[in-house]
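Undergrad: compute the structure for the input listed below.
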Amino acid sequence: MACRISELVIDAADPDRLAAFWSEVLGYVELGREDDGSIEIGPPDAGFGGPQPTLVLSPSSDPRTGKLRVHIDVSPTDRDQDAELERLLALGARPVDVGQTGAESWYVLADPEGNEFCLLRPRLQPL
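TA: Predicted structure coming up:
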């Protein structure tokens, strides 16, 4: 067997704010907090080690420079893409231009700290 992604670690100026945002986006809950201010969120029924990776929001005051080299893609599981776009924008996501042509089947957004992610068309079933 090969490796599995167990956690994604995201540096955050405000881990609480980002944990709240991503918890709402993904339907995750807080799993734990570390003394360094890191917050781990994950699926409410599985937590760490389940089929989905957890997110660790790690405090950092380092400024971000340039486009991210890795980003998250999300797919709606219980509504169409346009309805999910409205929901994500209401949660605090914002559209980002990274050079799209306008013909893409996805939307490029940024979380409240400017981390890019893509909203794809529905392609997955709920777990």
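
Undergrad: how many neighbours does the residue lying closest to Arg4 once chain neighbours are set aside have?
TA: Distances taken as Cβ to Cβ, 6 or more residues apart in numbering put Pro53 closest to Arg4, at 8.0 Å, once the chain neighbours are dropped. Placement of C-beta: from N, CA and C, glycine included. Under the neighbour criterion other Cβ atoms under 10 Å, Pro53 is assigned a count of 16.

Undergrad: correct me, but Pro53 touches Ser6?
TA: Yes. Here Pro53 reaches Ser6: they are 5.7 Å apart, a contact under Cβ atoms under 8 Å.

Undergrad: for the most centrally placed residue in the chain, what are its contacts?
TA: Geometric centre of the chain, nearest residue: Trp22, 5.1 Å, by Cα atoms, centre = their mean. Shown in contact with Trp22 (Cβ atoms under 8 Å, 6 or more residues apart in numbering): Tyr28, Ile41, Leu55, Leu57, Asp111.

Undergrad: please repeat the previous calculation with a cut-off of 10 Å.
TA: Trp22 makes contact with 8, 10, 12, 28, 39, 41, 55, 57, 72, 74, 91, 111-112, 115, 117, according to Cβ atoms under 10 Å, 6 or more residues apart in numbering.

Undergrad: nothing else from me, thank you.
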